[in-house]
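J.: what's the 3D shape of this:
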Amino acid sequence: MFLIRTSFKFSLLHTINVVCICILALGILAFPNSFREYKYPFFLPAVLSVLLNLRNIPKEFLVIYLAGTIVTIVYIIVGYPNATAFEVSLIQSIVIYIVFPFFWIFWLDYIFERYKTRVIVNFIILAAILGSLTVLLCLWLFLNGFKDIVALFIDDPNVNINEDGVVLIKFHVYGSFIFIFSGFWAIVFDRFNYKYLIILIFFVVITFIAGRAALSMSLAIGLIGTILSTVKSIKLKHIVSVIIYLVIIDLIFLIIENVFEISLINAITYAYDHIISGGGGDERPMQFKALMKGVYDNYFLGSGHGVGVDLSRNDDYVWRYEILPIATLFRVGIIGLLIYSYPFLISTVRYIRLYRMKMLNSYDIFFYFGMFSICISSFSNPYLESIEFQWAYFISYVYFYNRSKNLKVSC
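T.: Next comes the predicted model:
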């Protein structure tokens, strides 16, 4: 009886843990920065899982986490004399650069230790489908006068259809899409069947309905990266099927244009022009010049957290800028930037090593180009300074560490 009760308690706790993981992951992936008061309580069991698993944390994770923490603390101190609203910047720096990197690195390692990569990727794709359906639902609700319902998903909701029929929808979930849509090409090429091609078509349509240049660019990065990584394994049937589905996408575009009175072709053109112009307008080029001036003035050594330049992007948080890599270089200098960038740099090394060893699989491509796309998008939007998007930076790092460890690949 004792063994039965013990087994039942263990099974019950395991089930509760799995449910909490699914709810938290789904909330973060499909509804980032929304429903926070309902979502954040589920962080508690996740944190407990991390704390109970600390003895098994890989040494590399501890070293890079401690290195990043030291950089953050040092540059909080460096920035103190010149910081604007020091108390606020102090809290934000600790939460963004110390607390949540700890959570994401160690919790994601906990997830990868307990679940197969295929299960994790399938769950991520499912979350993207749910998020995409939410975008369509909110578009319909907004256009039909239900703005108050849309406000449940995002503060100050806005859908703008300009005179060229280009839709610009403000939605947080695009940050998740940048990672997932980019990597999804690898899954389509690997599991080449109608089900995944239909999902791909859905993601492509959502991309151009969204009207976001970074999302369009991530889709292109994923396609090009997947082709370059799998060029030797692409078969004639793949090419023929892609052509057929491109025709289907074109027909879907025509239907959407007539039903919603929007132009997806113009959306593609708009996204292209937006990327070529460096993000649209003069704001980001001005930020770049101002931040680089600050970098030069401090000899690439860093000005400190909480410090801004002459050009203010946000009056309440003057240290925030849209060009995150350059802003990070300004704050923590070249050494701090390299330490913060270690997860991306070592993941790149491991990816190239797997490629040269001819051991790449679809999950390698999925995680690498998802990470690559979110890092590129940080030149136009500081997604990675949001605690609910940092998973997109650390998940690939954790994946490639475990992949290399299992294959006993050095680096």
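
J.: Point out where the stretch 1-150 of the chain drops to low pLDDT.
T.: Along the stretch 1-150 of the chain, segments meeting pLDDT under 70 span 1-14.

J.: let's see 80
T.: Applying pLDDT under 80 to the stretch 1-150 of the chain flags residues 1-17, 36-37, 52-56, 84, 142-150.

J.: could you pull out the helices for it?
T.: For the stretch 1-150 of the chain, the helices defined by DSSP state H, counting those that start in this stretch occupy 2-30, 36-39, 43-52, 59-79, 86-94, 100-114, 117-143, 147-150.

J.: for the stretch 251-400 of the chain, same thing?
T.: Along the stretch 251-400 of the chain, counting by DSSP H, counting those that start in this stretch, helices occupy 264-276, 283-297, 324-340, 342-356, 362-377, 391-407.

J.: Looking at those helices, which is nearest to residue 77?
T.: Nearest to residue 77, of all these, is helix 324-340, at 11.8 Å by Cβ to Cβ. Quick note: C-beta positions are derived from backbone N, CA and C, even for glycine.

J.: okay, the closest one in CSV with CA atoms only?
T.: Taking C-alpha atoms only, helix 324-340 is exported to CSV below (Å, rounded to 0.1, in the frame of the first residue of the first chain):
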residue,chain,number,x,y,z
LEU,A,324,19.8,46.5,-29.2
PRO,A,325,23.3,45.2,-30.2
ILE,A,326,24.7,48.8,-30.6
ALA,A,327,22.9,49.9,-27.4
THR,A,328,24.5,46.9,-25.6
LEU,A,329,27.9,47.8,-26.9
PHE,A,330,27.4,51.4,-25.6
ARG,A,331,26.3,50.1,-22.2
VAL,A,332,28.8,47.3,-21.4
GLY,A,333,31.6,47.7,-24.0
ILE,A,334,33.1,45.2,-26.4
ILE,A,335,34.0,42.7,-23.7
GLY,A,336,30.6,42.8,-22.1
LEU,A,337,28.9,42.5,-25.5
LEU,A,338,31.0,39.4,-26.3
ILE,A,339,30.1,37.8,-23.0
TYR,A,340,26.4,38.5,-23.5
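
J.: Which neighbouring elements make contact with it?
T.: Applying 3 or more Cβ pairs under 8 Å, 6 or more residues apart in numbering; DSSP states H and E, we find helix 324-340 packed against helix 59-79, helix 283-297.

J.: can I assume residue 367 is in contact with residue 399?
T.: Yes - if you go by Cβ atoms under 8 Å, residue 367 and residue 399 touch, sitting 4.7 Å apart.

J.: and the helix or strand hosting residue 205, what other elements does it pack with?
T.: Using DSSP states H and E, residue 205 falls within helix 194-210. Contacts defined by 3+ Cβ pairs under 8 Å, 6+ apart place helix 194-210 against helix 117-143, strand 167-169, helix 174-190, helix 213-230, helix 236-260, helix 264-276.

J.: and the ones you listed, which one's lowest on average pLDDT?
T.: Per-stretch averages of pLDDT across the helices and strands packed on helix 194-210 put helix 264-276 at the bottom, with a mean of 52.

J.: picking that back up, I'd like the helices of the stretch 1-150 of the chain as TSV, with distance to residue 311 and mean neighbour count appended.
T.: What follows is those, written out as TSV (distance: least, Cβ to Cβ, whole Å; neighbours: other Cβ atoms under 10 Å):
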stretch	distance to residue 311	mean neighbour count
helix 2-30	32	14
helix 36-39	30	12
helix 43-52	35	14
helix 59-79	17	17
helix 86-94	17	16
helix 100-114	28	20
helix 117-143	33	17
helix 147-150	33	15
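
J.: Tell me which of these lies nearest to residue 200.
T.: With Cβ to Cβ as the yardstick, what comes closest out of those is helix 117-143 (10.5 Å).

J.: Taking helix 391-407 as reference, get the angle to the closest one.
T.: With axes from the mean of the first three to the mean of the last three Cα atoms, to 10 degrees applied, the angle from helix 117-143 to helix 391-407 works out at 170 degrees.

J.: Please compute how far helix 117-143 lies from its chain's middle.
T.: The chain centroid and the centroid of helix 117-143 are separated by 14 Å under Cα atoms, centre = their mean, to the nearest Å.

J.: Can you list the helices and strands that it packs against?
T.: Counting contacts by 3+ Cβ pairs under 8 Å, 6+ apart, helix 117-143 packs against helix 2-30, helix 147-150, strand 159-161, strand 167-169, helix 174-190, helix 194-210, helix 362-377.

J.: for these, which one sits closest to residue 97?
T.: Comparing the helices and strands packed on helix 117-143 by their distance to residue 97 (Cβ to Cβ), the top pick is helix 362-377, with 16.4 Å.

J.: Which among the helices and strands packed on helix 324-340 is found nearest to residue 113?
T.: Ranking the helices and strands packed on helix 324-340 by their distance to residue 113 (criterion: Cβ to Cβ) puts helix 59-79 first, at 11.9 Å.

J.: Alpha carbons of the closest one, as CSV, please.
T.: Taking C-alpha atoms only, helix 59-79 is exported to CSV below (Å, rounded to 0.1, in the frame of the first residue of the first chain):
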residue,chain,number,x,y,z
LYS,A,59,29.4,23.6,-15.6
GLU,A,60,29.3,25.6,-18.8
PHE,A,61,25.9,27.1,-18.1
LEU,A,62,27.0,28.1,-14.6
VAL,A,63,30.2,29.8,-15.9
ILE,A,64,28.6,31.8,-18.6
TYR,A,65,25.7,32.8,-16.3
LEU,A,66,28.1,34.0,-13.7
ALA,A,67,30.2,35.8,-16.3
GLY,A,68,27.1,37.6,-17.5
THR,A,69,26.0,38.4,-14.0
ILE,A,70,29.4,39.9,-13.1
VAL,A,71,29.3,42.1,-16.3
THR,A,72,25.9,43.3,-15.3
ILE,A,73,26.8,44.2,-11.8
VAL,A,74,30.0,45.9,-12.8
TYR,A,75,28.2,48.1,-15.4
ILE,A,76,25.4,48.9,-13.0
ILE,A,77,28.1,50.4,-10.8
VAL,A,78,29.8,52.1,-13.7
GLY,A,79,26.5,53.6,-14.8
